[in-house]
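In: Here is my input, please return the structure:
(2 chains)
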Amino acid sequence: MSSEEARHLLFQSPMATKSCMSSQVSDDEQRKRENIRSLTMSGHVGFESLPDQLVNRSIQQGFCFNILCVGETGIGKSTLIDTLFNTNFEDHESSHFCPHVRLKAQTYELQESNVRLKLTIVNTVGFGDQINKEESYQPIVDYIDAQFEAYLQEELKIKRSLFNYHDSRVHACLYFISPTGHSLKTLDLLAMKSLDSKVNIIPVIAKADAISKTELQKFKIKLMSELVSNGVQIYQFPTDDETVAKINASMNGHLPFAVVGSMDEVKVGNKLVKARQYPWGVVQVENENHCDFVKLREMLICTNMEDLREQTHTRHYELYRRCKLEEMGFTDVGPENKPLSLQETYEAKRHEIYGERQRKEDEMKQMFVHRVKEKEAILKEAERELQAKFEHLKRVHQEERMKLEEKRRLLEEEIISFSKKKATSEIYQNQTFMGSNLKKDKDRKNPNFM
Amino acid sequence: MDPLRRSLSPCSSRPTSCEMLGYVGIEAVLDQLKIKAMKMGFEFNIMVVGQSGLGKSTMVNTLFKSKIWKSTPSGLALGPTPQTLQLHSMTHVIEEKGVKLKLTVTDTPGFGDQINNDKCWDPILGYINGQYEQYLQEEILITRQRHIPDTRVHCCVYFVPPTGHSLRPLDIEFLQRLCRTVNVVPVIARADSLTLEERENFRRTIQHNLRTHSIDVYPQQCFDEDVNDKILNCKIRDRIPFAVVGADREHMVNGRCVLGRKTKWGIIEVENMEHCEFPLLRDLLIRSHLQDLKDITHNVYYENYRVCRLNESHMLPQGPGWVNLDPTPASPPAIPGPSKGCRWAQDNPSEEY
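Out: Numbers count the residues shown, from 1 in each chain, chains lettered A, B, ... in the order given. Down below sits the predicted model:
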């Protein structure tokens, strides 16, 4: 009985009584010693609806899936993703002239019947285009680490909301191998080697319509042997659950999948199918004889999406977390082999770091004070000099002034004495003039007498 | 430049909605989930609290239709009642149609039996918090297990004695403290001693009491998200506390074999809705809300505990050079979106551990 039905029946007519089952209450006396006892029930309890309850909750929460596509520019990554999800995701062709490898992530919301999927596609832009390809795969590794880091940060927060968190960790990495027909390129090998411990790698042979069937077989064998001999761990489809073990095991033998992507429709027979049209024939995408596209879609989405997510969370993320925490100095076991809690180490570290910071702050403060004092001394010195100069100039000015005063006084005295002299000489002149005038008058008078 | 910043962060734009032109197969992920769940099995921890003689052990046996506990025969209660409250846990694995359930039942004999029942809830709260602590310790290890065993109490069933009047002070005290730490489902025990009208009156009184003392029992109103949840939970809230009768013996009634209690005046059928509300309790706990109980425990009560516990470290003695670090500012509460998993932790941590 599904939980939905159970909910409806809950408040309706009285429950139908169960038919009588031969009650065999198993006697567990002898197994009491074990902590966990297995019991058989004497009737129908109803918790078989538990998986349905779980599924209902997941439906309400929605699903999240992140795919990283690594491959050279123009190898068909965007087309394949479009074909996989049967949608036309908006994307422009990237140029071949990028100086560095960049990662571009876009999130889409898809819905199929009642399942909502938040799909994030991360594309590598400019992979394999540079002349010097040394730095090509480092940005990819950094991106993957950044997503793990973000999740770790969220998990370590005090007030966290993990159920709300948009999981951006990369769940699957589709590595596109170019269809040379010979072997793996060095760049591919190096890139996959550095990514295999961080993400589930699924190698695919892109543009598989460029290889013939026989060449393809040889190519696949060559690729797998190269991967194995170089110790690259690609994702193996899980074979531990009986329901999917058989199909997964057979698919494991077909790796790497040779795929062709196309959203163009071509009329074949009387149906429109997705295909690529060539003058010599039509390559149908969904035809198993032509390429492995259907297998890829089956494996990636229909059968193993949940397993990919689980592997990412329980293996890759845990590995990252462990390495990161150990790097920061946390251990589970302390110096005397006593279990150390994360708490104590964290506190100790925090003390240390803050002590360090405090010390640095004090140092800087002291240096600042010292410098200020120095500057002050210099300024004071300058001030004093200026003052001295001022005094000196003042004195000089005073002296000049006094000299000038002196000169003026002398000048004035001279003027006075001069004017005195002038006065006396005038008086003297007047007297003589008067005398001479009398004489002149007398003289004038005298001629008149004559 | 920080290498982590060189790469773009995801979701640089708002997620765009896309239409798929055909069948892709995304819904197969539901089957994958089911397979995974069936393989891993489920865990459920339930605690029953109530005075002795209220039929707790019988109720547990009836719920899971097995002899989980040997019900205490009435004649043998001659021994001295336990001086302190003890907690007994038993774990069983039961399987039905391929679904494995690891069930842990914790009983609390001695609750409310002493003369002085002051602080009788402390051992229980201690036990519940102890389980949270255990889970927290496992979670913060460096090398974690793949699947952390979940021993946290998902649901606490509280048995109210059928006085017919109202909740007693002990009940109120206990419920107040417990409803902040764990999901509490109160039930009226031994409801066969009450007539139908008495049951209704008792129920209304209890509901009134719960409201007056602001005791929030499961299903909590604040966690209702969409309309369907609200409608369903309102119906349940209307009938809480359920009046239940437990029985683990079978009798013949009208040619059918039913679980029930045989008395001189008739046979009380446990699974008959007209006789008692046991089916409601069973459906709530097992058939419809089990996952919900676990979710609320994990997302709300456990997170609350974790916040308190991690903040506690800020009250450690401060040495020289200590700088007080403020806890990270809380992000805005989750808008009740389309996911039932979206619960925001209530901001009222329990004061006592």
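
In: Which parts of the stretch 151-300 of chain B are strands?
Out: B:155-160, B:184-188, B:242-243, B:250-253, B:256-263, B:266-269 (DSSP state E, counting those that start in this stretch).

In: okay, the angle between the second one and strand B:155-160?
Out: Going back to what we said before, that points to strand B:184-188. Note on geometry: by axes from the mean of the first three to the mean of the last three CA atoms, to 10 degrees, strand B:184-188 and strand B:155-160 are set 30 degrees apart in direction.

In: Adjacent strands (with direction) for strand B:184-188?
Out: Strand B:184-188 has the following strand partners under DSSP bridges: strand B:155-160 (parallel), strand B:242-243 (parallel).

In: tell me the contacts of A:Glu72?
Out: For A:Glu72, the contact set (CB atoms under 8 Å, 6 or more residues apart in numbering or on different chains) comprises A:127-129, A:176, A:178. C-beta here means a position set from N, CA and C on the backbone, and glycine is covered the same way.

In: Ok, B:Gly50 next?
Out: B:56, B:108, B:111-112, B:158-161, B:189.

In: where in the stretch 51-200 of chain A is pLDDT low?
Out: A:91 (pLDDT under 70).

In: Sketch out the helices for it, chain order is fine.
Out: A:77-85, A:138-156, A:186-195 (DSSP state H, counting those that start in this stretch).

In: got the buried residues for the second one?
Out: Yep, that's helix A:138-156 we're talking about. Of the residues in helix A:138-156, A:138-152, A:154 count as buried by neighbour count, 16 or more other CB atoms under 10 Å in any protein chain shown.

In: Could you tell me which other helices and strands it packs against?
Out: Packing contacts for helix A:138-156, counted by 3 or more CB pairs under 8 Å, 6 or more residues apart in numbering or on different chains; DSSP states H and E, involve strand A:63-70, strand A:102-112, strand A:115-125, helix A:186-195, helix A:318-327, helix B:3-6.

In: Spell out which residues of the stretch 351-450 of chain A are next to chain B.
Out: Residues of the stretch 351-450 of chain A lying close to chain B by CB under 8 Å from any CB of the partner chain are A:351, A:354-355, A:357-359.

In: Restricted to buried residues, select those residues in ChimeraX.
Out: Under the burial definition 16+ other CB under 10 Å, those of those that qualify are selected in ChimeraX by:
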select /A:351
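
In: Looking at the residues of the stretch 351-450 of chain A next to chain B, point me to the pair that's furthest apart.
Out: Pairwise distances across those (CB to CB) peak at 12.3 Å, for the pair A:His351 and A:Arg359.

In: what's the domain layout of chain A?
Out: Per the record, chain A has its domains at A:58-328, A:336-424, by the TED database.

In: which one is A:Gly46 nearest to, not counting chain neighbours?
Out: B:Arg287 (4.4 Å; CB to CB, 6 or more residues apart in numbering or on different chains).

In: What number of residues are in the vicinity of the one you found?
Out: Neighbour count for B:Arg287, taken as other CB atoms under 10 Å in any protein chain shown: 25.

In: now the one 5 residues further on
Out: If you count neighbours by other CB under 10 Å, B:Asp292 ends up with 23.

In: and if you look at A:Lys185?
Out: Neighbours of A:Lys185 using other CB under 10 Å come to 15.

In: For chain B, see how far away it is.
Out: 23 Å (CB to the nearest CB, to the nearest Å).

In: How about the contacts made by that residue?
Out: Contacts of A:Lys185 (CB under 8 Å, 6+ apart): A:Ser178.

In: picking that back up, can you put the helices of the stretch 51-200 of chain A in JSON lines and add distance to B:Lys97?
Out: Formatted as JSON lines, the helices of the stretch 51-200 of chain A follow (distance: least, CB to CB, whole Å):
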{"stretch": "helix A:77-85", "distance to B:Lys97": "35"}
{"stretch": "helix A:138-156", "distance to B:Lys97": "35"}
{"stretch": "helix A:186-195", "distance to B:Lys97": "42"}
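
In: Out of those helices, the one nearest B:Glu139 is which?
Out: helix A:138-156 (8.7 Å).

In: Kindly calculate the angle that the closest one makes with strand A:115-125.
Out: 140 degrees.
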